[in-house]
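> I would like to see how this sequence folds:
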Amino acid sequence: MLIIADDLGHYTWQISVSDSRLTQINKVVGEYDVWVHVFLPFPKLKVKIKESSKGGFTGQVDVAFKSRTDGSSDWIVGFGNTADEALEDAIKSFLNSVPENESLTEDDFEWSESSNWN
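Numbers count the residues shown, from 1 in each chain. Predicted coordinates for the structure are as follows:
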C-alpha cells in the first residue's frame with residue numbers, strides 16, 4: 001500500500017494489486033446516521049462513505065425513493081474529492097429525489113439489504 005499526501009496535507013491511499021481481473025478497490029472510510037425531521041415517514045437513514053483506490057469518494061444511501069412512473073428504486077450515490085463532499089452530495093441528492101409536497105409512506109421507499117451495512 002502506498003500512502004500519498006496531496007497539496008493540502010490530506011492523506012489518501014493507493015494500492016497496486018497485480019491481478020488483471022481487478023479494476024479498483026474501495027475502502028469504507030465512514031458510516032453516518034443521518035436524522036431527517038421533515039417530510040420523510042422515517043426519522044433516520046444511513047450513508048456509507050467509500051474511498052476509491054483510483055481516487056475520489058462516494059457516498060451510498062441505504063434507502064431509495066421508488067419512482068412514481070414505474071416503481072423502480074432510485075438509488076442515490078454522492079460524489080466528492082473528500083469524504084465530507086461525498087457525504088453532503090449524497091444527502092442533498094437523496095433529499096432532492098424525494099417529493100416534498102406529497103404524503104409519503106414507507107411503501108414509497110426501498111431499503112438496501114442489511115448485509116450491505118454490517
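
> What distance do you get for the residue of the chain most remote from its centre to Ala86?
Residue farthest from the centre of the chain, counting by C-alpha atoms, centre = their mean, is Ser18 at 28.1 Å. Look at Ser18 and Ala86: by C-beta to C-beta, to the nearest Å, they are 28 Å apart. All C-beta atoms are positioned from the backbone trio N, CA, C, and that covers glycine.

> in the sheet, who's paired with the residue nearest the centre of the chain?
Nearest residue to the geometric centre of the chain (C-alpha atoms, centre = their mean): Gln60, 1.6 Å. Beta-bridge pairing for Gln60 (DSSP bridges): Lys48, Val77.

> Please name the residues that touch it.
By C-beta atoms under 8 Å, 6 or more residues apart in numbering, the residues touching Gln60 are Val47, Lys48, Ile49, Lys50, Trp75, Ile76, Val77, Ala90.

> Can you get me a residue count around Gly78?
Neighbours of Gly78 under the rule other C-beta atoms under 10 Å: 21.

> just checking, it touches Asn96?
No - using C-beta atoms under 8 Å, Gly78 is not in contact with Asn96, being 11.0 Å away.

> Okay, helices next: where are they in this protein?
Secondary structure of the chain, counting by DSSP state H: helices at 83-97.

> worst-scoring helix or strand of it, pLDDT-wise?
Sorting the helices and strands of the chain by mean pLDDT, DSSP states H and E puts strand 2-5 at the bottom, at a mean of 46.
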